[in-house]
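Colleague: Fold the following and give me the result.
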Amino acid sequence: MPHLLDGLRQSGADECLVVDGGSTDGSRDLLAQSGIRWLTSPAGRAAQMNAGAQAAGGDVLLFLHADTKLDASHMQAVRRVMRDPHIAGGRFDVSLTGSHPALRVIAWFINLRSRFTRISTGDQAIFVRREAFESLKGFAGIQLMEDIEFSRRMKRQGGIACLKKKILTSGRRWEQHGILRTVLLMWRLRLMFWLGVSPEKLAALYREAR
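Modeller: Next up is the predicted model:
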């Protein structure tokens, strides 16, 4: 949490808003002392991001995971690309923290796949025009794949900017649970999602695998 708060202070964003989903690790105390605006919502990324979007006042919304770090140069890149009225939103290329050399390969494939499909994960700091976000009625209230589902719908609103500038996110889940095991799990879950398996069942499988 301290790293997230420091990054937000240095981001140069017009507005920063943190949504706490019921944490019990002392995060609320840090938020209360941070000077950054924050609020609570029901737990779950979709619910938390929708709550943040509703409370925010900007014309462009950027959704940042707690383990992803951006700086002022990322915000400048968003401002530049969103000057084009044909762009509905976008995402960044990603770089994963960690020492394992396979993480660089994983990041390369994530970026390549996302650039080809225009589908993004939340780790890539998805941004979107408020008008498009509201037209789509925000993130679907599902337990898993909310980012994939949203970015798939976002493509219908206009162009998707795939920014080559890299944003740094944690590679901890790969290192903690095993590189190959985690890659195979995510491929399996995404394939099942595309085949129509319910997000609730996918979330249960994800929890069992962890």
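Colleague: C-alpha only now, for contacts and for neighbours.
Modeller: Noted.
Colleague: My guess is Ala132 contacts Gln157. True?
Modeller: Yes - assessed by C-alpha atoms under 8 Å, Ala132 is found in contact with Gln157 at 6.2 Å.
Colleague: Please tell me the pLDDT value assigned to the nearest residue to Thr169 once chain neighbours are set aside.
Modeller: Nearest non-adjacent residue to Thr169, counting by C-alpha to C-alpha, 6 or more residues apart in numbering: Thr68, 4.1 Å away. pLDDT for Thr68: 91.
Colleague: Now for Thr68, how many residues are close by?
Modeller: When neighbours are defined as other C-alpha atoms under 10 Å, Thr68 has 21 of them.
Colleague: correct me, but it touches Arg172?
Modeller: No - with contacts counted by C-alpha under 8 Å, Thr68 stays clear of Arg172, the gap being 11.5 Å.
Colleague: what sits against the residue nearest to Thr169?
Modeller: Applying C-alpha atoms under 8 Å, 6 or more residues apart in numbering, we find Thr68 in contact with Leu4, Asp123, Ala125, Ile167, Leu168, Thr169, Ser170.
Colleague: What about the third one, how many residues nearby?
Modeller: A count of nearby residues for Ala125, using other C-alpha under 10 Å, gives 23.
Colleague: residues touching it, list them.
Modeller: For Ala125, the contact set (C-alpha under 8 Å, 6+ apart) comprises Leu62, Phe63, Leu64, His65, Thr68, Arg91, Phe92, Ile167.
Colleague: So which of the residues you listed are in strands?
Modeller: If you go by DSSP state E, the contacts of Ala125 have Leu62, Thr68, Arg91, Phe92, Ile167 in strands.
Colleague: which one of these has the most neighbours?
Modeller: Of the ones in strands among the contacts of Ala125, Arg91 is surrounded by the most neighbours, 31 neighbours in total, counting by other C-alpha under 10 Å.
Colleague: mind showing which ranges of this structure have poor pLDDT?
Modeller: For the chain, the stretches with pLDDT under 70 are 1-2, 210.
Colleague: quick one: the strands in it?
Modeller: Assigned by DSSP E, the strands in the chain fall at 17-20, 37-40, 60-62, 68-69, 87-96, 127-129, 159-169.
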